[in-house]
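Asks: Sequence plus predicted model, see below.
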Amino acid sequence: MENDQDGRELAARFDLKNLPPDFYEDPFRHYRALREHAPVKRLPDGSVLATRYVDVAAVYRDAKIFSSDKKSEFGPKFGADSLIYQHHTTSLVFSDPPFHSRVRRIIVGALVPRAITDLVPGIEALVTRLLDEMEEKRDVDLVESFALALPVEIIGNLFGIPPAERSPLRGWTSAILSALEPALTAEQLKRANAAVSEFLEYLKVLIADRRATPGDPERDVLTRLIQGSTDGEKFTEVELLQNCIFIVNAGHETTTSLLGSALVLLQEWPEERQRLQANPALIKTAIDEFLRMESPVQLGNRVATIDTAVGGVNITAGTIVHVGIAAANRDPEQFAAPEKMDIARSPNRHFAFAGGIHQCAGNHLAKLQAEIALSRFLARFPGYELSAKPTRGGRARFRGYVKAPARVR
Ligand code: HEM
């Protein structure tokens, strides 16, 4: 824990584009210092970072003043004629109404409860298969064998992507999302553009096949999205393709992080682990607590559309506002003993799925997967133990593990 002076200095030095190496291991001490000493921190590039819960809530609440449209930010960053620019600026997440409302309606309509419920037997079978494989090996990487393997398959099932064609998805997603890091190298940019290009080529074929042989629109998400593109011109072809890429990306990397972080957190908090193993019915509140403690998306951002203020700090129109999801989720003004994991915490109104009109459209699916996966994992391997220090992904915006070696039993 920082003393007051150290905290003040940490907050004064903080720069999202120039993070110290220790930040990736423990961003929370930096966020705490910011919350206490510079809750709306002006960064050297003129943007601001809000870290208090009330300020984050206020930004999410007002989508008119705090826009999600990233064209003016991504133009210079990516080049306005690049594919990665087209991808991110056509995704619903980086757009405002009325475009956002139109795309969101189609997507929410495609993620109908029946399509989600239909996935349950597939999730259960997949979890059982992964657990069987791990039981045979005993020494496993929890990320590779479980946290990563599951969401890729689920999102593959959701879109009806044939199992043999799923292997490139992970690399594409990672390259496309890495382009959103606060600082970007030329190599990352090149990889991101190549990934969008390959992903588009792949999807064009998948969509042409599905157009030729449609699935049941009540159950098949891609068929439903395609219908959104032909029914009254709601979706253009580019909008359809780029938003399919967005859903595939949004749907798996974050869920992987949730599963990996949950298994590591339970190892770090043995009493909470015992409590959950003794009361499996606590799984739902436990999942919200994992999401609060280790939010897979740590930072969001918005752009001020007018001269306004955040937490009493005046900002001019055009200012980028970084939204401190992870920081707000540990704000003592909102959460009692915020640094402590409490798997029965209630209420737990965390911002892991953001808030307002852009709140995660896949949160039910993410929670459903986590519930089935983690409950079954704990029932099968009550004595699992990490066998080496897990490795972090090393990114500021997205937090999770890339490796978590463990012995399962
Ligand atoms: C633990 C897992 C997940 C987390 C933590 C997560 C987090 C988020 C966050 C923070 C946002 C808002 C971004 C912003 O406005 O700045 C978001 C949006 C979104 N997510 Fe998720 N997500 C998860 C899983 C999923 C899944 C499984 C799907 C779909 C299959 C999905 C689909 C979406 C969509 C479509 C949006 C855009 C909503 C909009 O802009 O209106 N997410 N997610």
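Replies: Looks like it arrived, so ask away. Numbering: from 1, shown residues only.
Asks: and the helix of greatest length in the chain, average pLDDT?
Replies: Criterion DSSP state H: the longest helix present in the chain is helix 237-268. The predicted model gives helix 237-268 an average pLDDT of 94.
Asks: Does anything pack onto the helix or strand following that helix? Which helices or strands?
Replies: Downstream of helix 237-268, the first helix or strand assigned by DSSP states H and E is helix 270-278. Counting contacts by 3 or more CB pairs under 8 Å, 6 or more residues apart in numbering; DSSP states H and E, helix 270-278 is packed against helix 237-268, helix 283-293. No exception for glycine: its C-beta is placed from N, CA and C like everyone else's.
Asks: run the last query once more with 7 Å
Replies: helix 237-268 (3 or more CB pairs under 7 Å, 6 or more residues apart in numbering; DSSP states H and E).
Asks: next one: the longest helix of the chain to chain centre, how far?
Replies: How far helix 237-268 lies from its chain's middle: 5 Å, per CA atoms, centre = their mean, to the nearest Å.
Asks: Is that helix positioned near the ligand?
Replies: Yes - Helix 237-268 reaches the ligand (CB under 6 Å from any ligand atom) through 247, 250-251, 254-255, 258.
Asks: so where is this protein shaky, pLDDT-wise?
Replies: 1, 229-233 (pLDDT under 70).
Asks: In it, which residue sits nearest the ligand?
Replies: residue 362 (1.9 Å; CB to the nearest ligand atom).
Asks: which residues touch that residue?
Replies: With contacts taken as CB atoms under 7 Å, 6 or more residues apart in numbering, residue 362 has the following neighbours: 111, 250-251.
Asks: quick one, strands of the stretch 1-150 of the chain?
Replies: Secondary structure of the stretch 1-150 of the chain by DSSP state E, counting those that start in this stretch: the strands cover 40-42, 48-50, 66-67, 139-141.
Asks: do the stretch 301-409 of the chain as well
Replies: Going by DSSP E, counting those that start in this stretch, the stretch 301-409 of the chain shows strands at 308-310, 313-315, 320-324, 385-386, 391-392, 401-403, 405-407.
Asks: Is it possible to get JSON lines of those strands that adds mean neighbour count?
Replies: Below are these laid out as JSON lines (neighbours: other CB atoms under 10 Å):
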{"stretch": "strand 308-310", "mean neighbour count": "18"}
{"stretch": "strand 313-315", "mean neighbour count": "15"}
{"stretch": "strand 320-324", "mean neighbour count": "24"}
{"stretch": "strand 385-386", "mean neighbour count": "12"}
{"stretch": "strand 391-392", "mean neighbour count": "16"}
{"stretch": "strand 401-403", "mean neighbour count": "19"}
{"stretch": "strand 405-407", "mean neighbour count": "18"}
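Asks: would you turn the ones you listed into CSV with distance to residue 342?
Replies: Output for the strands of the stretch 301-409 of the chain, formatted as CSV (distance: least, CB to CB, whole Å):
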stretch, distance to residue 342
strand 308-310, 29
strand 313-315, 32
strand 320-324, 21
strand 385-386, 22
strand 391-392, 23
strand 401-403, 22
strand 405-407, 24
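Asks: Now do stretch 134-151: everything it contacts.
Replies: Contact with stretch 134-151 is made by 126-127, 130, 133, 251-252, 255-256, 259-260, 263, 369, 373, 377, 387, 401-409, as judged by CB under 7 Å, 6+ apart.
Asks: who in the stretch 151-300 of the chain is up against the ligand?
Replies: Going by CB under 6 Å from any ligand atom, the residues of the stretch 151-300 of the chain near the ligand are 247, 250-251, 254-255, 258, 296-297, 300.
Asks: same thing with the stretch 1-150 of the chain?
Replies: Residues of the stretch 1-150 of the chain that fall close to the ligand, judged by CB under 6 Å from any ligand atom: 68, 92-93, 104, 107.
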